[in-house]
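In: Sharing a model that was predicted from the sequence below.
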Amino acid sequence: MCADRVSVTEEARALIERLETVHGPLLFHQSGGCCDGSAPMCYPRNEFRVGQADVFLGEIAGQPFYISGSQFEYWEHTHLIIDVISGRGSGFSLEAPAGLRFLLRSRLFTDEESADLEAAGPPPRGPQHERA
């Protein structure tokens, strides 16, 4: 079994499930863009277009999680953990009106996880959730 590149805390999972109830299927994207730096952004799945260079890291709480190709170069040796905290995040991300924001935490992969991921090859790029 391949090591996971992304996971979610129980608090974030609960929020994702609430957001899905209201908005339907969701999609997460980590861009490192200008507006919110490295905050993971949550969108209704049909309102965000995944680019061919975006890297599919896996699913959190049943929702696809992508990272921009350039950001993946910085984060490829780390396991990303999506958490939630109080505070106003981006107006673009679905959790903002609730006074909450998703937060990225990370840890380096263990040697065993790194070997497992290297053996599995690079993660897929492009809109993998559309192929499911």
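Out: Thanks, I have it. Since we're looking at a predicted model, the values are computed, not measured.
In: Buried residues, the lengthiest helix in the chain. List them.
Out: Among all segments of the chain classified by DSSP state H, the helix with the greatest residue count is helix 10-23. Along helix 10-23, the positions that meet the burial threshold by neighbour count (16 or more other C-beta atoms under 10 Å) are Ala12, Arg13, Leu15, Ile16, Leu19, Glu20. (Each C-beta comes from the backbone N, C-alpha and C, glycine too.)
In: Widest-spaced pair of those residues?
Out: Greatest spatial distance among these (C-beta to C-beta): Ala12 and Glu20, at 12.4 Å.
In: what's the overlap in contacts for the two?
Out: Common neighbours of Ala12 and Glu20, using C-beta atoms under 8 Å, 6 or more residues apart in numbering, are Ala61.
In: The closest residue to Leu15 other than its chain neighbours: how many residues sit nearby?
Out: Using C-beta to C-beta, 6 or more residues apart in numbering and skipping the chain neighbours, the partner closest in space to Leu15 is Val84 (5.1 Å). Here the neighbour count serves as a burial measure; for Val84 (other C-beta atoms under 10 Å) it reads 23.
In: Which strand or helix spans Val84?
Out: Mapping Val84 onto the secondary structure by DSSP states H and E places it in strand 78-86.
In: Tell me which other helices or strands that strand touches.
Out: Using 3 or more C-beta pairs under 8 Å, 6 or more residues apart in numbering; DSSP states H and E as the contact test, the elements touching strand 78-86 are strand 6-8, helix 10-23, strand 63-67, strand 100-108.
In: I'm done for today, thanks for sticking with me.
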